[in-house]
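K.L.:
sharing a model that was predicted from the sequence below.
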Amino acid sequence: MGDLRADKKPKNDEKAQNEVGSVLKGKPSVTEADVADLKYLKMIVMETHRLHPVLPLLIPRECQQTCQIMGYDVPKGSIILINSWTISRDPKYWDDAETFKPERFEDGEIDLKGADYEFTPFGAGRRICPGLALAQASIELILATLLYHFDWELPNGAAPDELDMDEEMGITIRRKKDLYLLPTVRVPLAT
């Protein structure tokens, strides 16, 4: 189901699905408490945020006083834009920056709060997105539920490496071509 994460690597899908199955051990459904134990799934979500942030440009800010940023003079009143998409793919901050590698988040040193500004899908500091916790909890719970209850495949026997991963840039980033997946029940939904 890497197709939901857009990484084209079935081994990551299998590893995440095995983790979910192992943590749930036959339970009828996924709960928020279960998600706390899904370390690899969380790494997949983080890596997806890094490579495919919803907002490529963070909300603009006005410079309140003249200052210097990285050696550049920035006059008071200047509008500052932060390109989260570019920072998240910058080889100065990320080894093998264009490759989907969830394991880069394994040690837990980089978080969603943007403390070091190399990973800011939700912004950073006082103006960080107020919906961060809700968004993250929702994404993780939904993805865990989809992986637990269903196996996924591409239609017509297509292979993951045949997927068109091109994106459209705008206020948000989205896939250029819609993605269709076929679910097969793995663990029936509780009634």
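P.N.:
Thanks, I have the structure now. Numbers count the residues shown, from 1 in each chain.

K.L.:
counting by contacts, list what the helix or strand Asp13 falls within packs against.
P.N.:
Using DSSP states H and E, Asp13 falls within helix 10-24. Using 3 or more Cβ pairs under 8 Å, 6 or more residues apart in numbering; DSSP states H and E, the elements in contact with helix 10-24 are helix 2-5, helix 39-51, helix 132-149. Backbone N, C-alpha and C define where each C-beta goes, glycine included.

K.L.:
so which of these is the most surrounded?
P.N.:
For these, the largest average neighbour count (mean count of other Cβ atoms under 10 Å) is found in helix 39-51, namely a mean of 21.

K.L.:
angle of it against helix 132-149?
P.N.:
Interaxial angle, helix 39-51 versus helix 132-149 (axes from the mean of the first three to the mean of the last three Cα atoms, to 10 degrees): 120 degrees.

K.L.:
looking at the protein, which helix or strand is least sure?
P.N.:
The weakest-scoring helix or strand in the chain, judged by mean pLDDT, DSSP states H and E, is helix 2-5 (a mean of 41).

K.L.:
returning to that earlier point: among the helices and strands packed on helix 10-24, which comes closest to Ala124?
P.N.:
helix 132-149 (10.4 Å; Cβ to Cβ).

K.L.:
returning to what we had before: which one of the helices and strands packed on helix 10-24 lies nearest to Lys76?
P.N.:
helix 132-149 (29.6 Å).
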